[in-house]
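Enquirer: Sequence first, predicted model second:
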Amino acid sequence: DTQVQTAWHRWTGVDRQTFQRFFPSSPGSPLPQSQFFPPAKDVMLPTGSFNNRVAFITGGGTGLGRAMTTTLSQLGAQCVIASRKLDVLQQTADEISSQTGNKVHAVQCDVRDPQAVSVCVDQMETLTGLPDVIINNAAGNFVCPSERLSPNGWKSITDIVLNGTAFITLELGKRLIKSQRGASFLAITTIYAESGSGFVVPSASAKAGVEALYKSLAAEWGRYGHRFNIIQPGPIRTKGAFSRLDPTGAFEKAMISRIPTGRLGTPEEIANLAAYMSSDFATWMSGAVIRFDGGEYVSMAGEFNELRRVTPDQWKMMEAMIRNTKGS
Ligand SMILES: CC/C=C\C/C=C\C/C=C\C/C=C\C=C\C(=O)SCCNC(=O)CCNC(=O)[C@H](O)C(C)(C)COP(=O)(O)OP(=O)(O)OC[C@H]1O[C@@H](n2cnc3c(N)ncnc32)[C@H](O)[C@@H]1OP(=O)(O)O
Ligand SMILES: NC(=O)C1=CN([C@@H]2O[C@H](COP(=O)(O)OP(=O)(O)OC[C@H]3O[C@@H](n4cnc5c(N)ncnc54)[C@H](OP(=O)(O)O)[C@@H]3O)[C@@H](O)[C@H]2O)C=CC1
């Protein structure tokens with residue numbers, strides 16, 4: 001709490017009292033029930049599950065993309081990670097490679113630019129050949145009231161998320177089809193792709209578009225040996241997400257309190273799911289949308305779920321009132 005306030009003061013010059021007035025809550029810790037749901041850290045699939053496979057992961061240099069790359073590399077894949085910041089990618093590639101003993105290649109690519117995507121795929125073909133596994137994970141996002149959003153703010157997010165995913169998928173898909181090669185495509189979206197959400201409207205719109213794209217291609221390109229699946233993650237702490245969606249840390253506690261499993265997800269958990277969905281154990285899975293959020297979505301959706309706060313004594317009283325009601 002104090003750390004966040006101090007950091008906030010350093011960034012903005014706003015003093016502690018003012019911070020507390022605007023943000024009375026504080027960063028959250030796991031709820032007691034989370035002891036029943038400890039996150040597994042180990043890699044789930046058998047060793048060698050991705051031997052002789054090539055995996056391409058956008059945004060693989062940081063956060064969840066880095067975790068998915070680590071797991072696939074541990075399982076034997078040769079990985080190619082792509083995003084804008086080559087220095088970040090290269091450092092991640094070196095670290096994962098030295099940990100797993102398998103090659104990780106770093107290729108610079110701004111997914112918003114179809115020409116850059118084509119050059120990136122050329123580079124990958126030279127390095128590794130075409131991929132067996134494609135994970136569209138790169139994204140951009142920030143919280144912003146829509147009345148403060150500029151056209152370029154909208155374009156910036158929708159270009160990365162929807163157009164970027166489409167450019168990568170079409171470029172790779174066409175080349176794979178030409179080479180008569182099958183592949184697994186996975187897109188990382190979000191739980192609000194389904195519901196929509198205020199304050200992240202470009203992200204919600206673009207992620208919904210990605211889901212429509214992947215479900216459509218699952219139907220169309222199965223005949224070419226291509227599977228398309230989607231993971232909708234709930235909140236998992238990464239610098240990229242939390243710095244742009246909860247910059248003060250003020251909303252984290254409220255977020256955790258609505259997650260039935262009482263904690264945030266972990267990068268290793270989503271990496272295991274992504275690996276499974278991209279593996280030979282999941283060849284019958286296509287067009288699937290897997291929500292992976294500790295129950296947050298249903299917890300927010302049910303209009304009576306607030307009754308969790310009613311105590312046993314209050315229930316006794318309420319039940320008596322209901323039973324005593326005669327007629328309508
Ligand atoms: C209640 C909630 C409680 C807690 C939330 C906590 C946790 C998260 C829980 C769930 C997460 C769910 C979904 C998550 C989805 C994600 O995608 S998270 C991943 C986020 N990662 C990133 O965004 C990394 C990459 N991002 C970036 O590079 C930048 O942030 C970028 C702005 C997206 C793109 O950078 P770029 O350099 O290309 O763009 P800019 O030139 O800086 O900006 C372009 C235009 O956008 C305007 N802009 C930028 N920031 C803001 C802002 N904060 N508010 C308003 N407008 C903004 C900028 O001004 C430019 O527009 P212009 O001025 O008109 O030119
Ligand atoms: N963490 C969470 O709680 C949740 C995350 N998600 C999703 O998970 C995925 C990973 O997010 P997370 O790891 O948290 O956040 P990060 O910010 O760490 O990851 C986003 C990645 O996208 C890359 N990227 C951004 N813009 C571009 C671009 N124009 N071209 C190429 N790459 C780009 C970034 O690299 P670079 O800057 O080098 O380009 C970065 O590596 C995203 O799809 C996000 O929407 C969904 C729900 C919850």
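Expert: Received it, and whenever you're ready, just let me know what you need. All values reported here derive from a predicted model rather than from experimental measurement. Ligands and ions are numbered 1, 2, ... in the order given.

Enquirer: Read off the pLDDT value for residue 28.
Expert: With respect to pLDDT, residue 28 has a value of 80.

Enquirer: Tell me how far it lies from ligand 1.
Expert: Using Cβ to the nearest ligand atom, to the nearest Å, we find residue 28 at a distance of 9 Å from ligand 1. In this view, the C-beta of every residue, glycine as well, is placed from N, C-alpha and C.

Enquirer: Check which helix or strand that residue maps to.
Expert: Using DSSP states H and E, residue 28 maps to neither a helix nor a strand.

Enquirer: Tell me who's in contact with it.
Expert: The neighbourhood of residue 28, defined by Cβ atoms under 8 Å, 6 or more residues apart in numbering, consists of 252, 253, 254, 255, 256, 257.

Enquirer: pretty sure the fourth one is touching residue 241, no?
Expert: It refers to residue 255. No. Using Cβ atoms under 8 Å, residue 255 is not in contact with residue 241, being 11.6 Å away.

Enquirer: list the residues that contact both of these two?
Expert: Shared contacts of residue 255 and residue 241 (Cβ under 8 Å, 6+ apart): residue 235.

Enquirer: counting contacts, what elements does the lengthiest strand in the chain pack onto?
Expert: Criterion DSSP state E: the longest strand present in the chain is strand 226-233. Contacts defined by 3 or more Cβ pairs under 8 Å, 6 or more residues apart in numbering; DSSP states H and E place strand 226-233 against helix 164-178, strand 183-188, helix 201-220, helix 267-277, strand 289-292.

Enquirer: let's see 10 Å
Expert: Packed against strand 226-233 by the contact rule (3 or more Cβ pairs under 10 Å, 6 or more residues apart in numbering; DSSP states H and E) you find helix 63-74, strand 133-136, helix 164-178, strand 183-188, helix 192-195, helix 201-220, helix 267-277, strand 289-292.

Enquirer: And ligand 2, is that strand touching that?
Expert: Yes. Using Cβ under 6 Å from any ligand atom, strand 226-233 reaches ligand 2 at residue 233.

Enquirer: State the next helix or strand along the chain beyond that strand.
Expert: Scanning forward in sequence from strand 226-233 by DSSP H and E, the next helix or strand is helix 239-245.

Enquirer: Now do that next one: everything it contacts.
Expert: Outside of helix 239-245, the residues that reach it under the criterion Cβ atoms under 10 Å, 6 or more residues apart in numbering are 27, 59, 62-65, 139-144, 190, 199-200, 203, 233, 235-236, 238, 249, 251-252, 255, 264.

Enquirer: buried sites along it?
Expert: Residues of helix 239-245 classed as buried by neighbour count (16 or more other Cβ atoms under 10 Å): 241, 242, 244, 245.

Enquirer: Tell me how many other residues surround residue 120.
Expert: Neighbourhood size, residue 120 [other Cβ atoms under 10 Å]: 25.

Enquirer: Tell me which other helices or strands the helix or strand containing it touches.
Expert: Element membership of residue 120 [criterion: DSSP H and E] is helix 114-127. Counting contacts by 3+ Cβ pairs under 10 Å, 6+ apart, helix 114-127 is packed against strand 54-58, strand 78-83, strand 104-108, helix 164-178.

Enquirer: Next, format the helices and strands packed on strand 226-233 as TSV and append distance to residue 150.
Expert: Output for the helices and strands packed on strand 226-233, formatted as TSV (distance: least, Cβ to Cβ, whole Å):
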stretch	distance to residue 150
helix 63-74	26
strand 133-136	26
helix 164-178	19
strand 183-188	26
helix 192-195	22
helix 201-220	11
helix 267-277	32
strand 289-292	31
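
Enquirer: near ligand 2, which residues of the chain?
Expert: Counting by Cβ under 6 Å from any ligand atom, the chain sits next to ligand 2 at 58-59, 61-65, 83-85, 88, 109-112, 137-140, 160, 164, 188, 190, 233, 235-236, 238, 240-241.

Enquirer: List buried residues within those residues.
Expert: Neighbour-count burial (16+ other Cβ under 10 Å) applied to the residues of the chain next to ligand 2 gives 58-59, 61-65, 83-84, 88, 109-112, 137-140, 160, 164, 188, 190, 233, 235-236, 238, 241.

Enquirer: I'm done for today, thanks for sticking with me.
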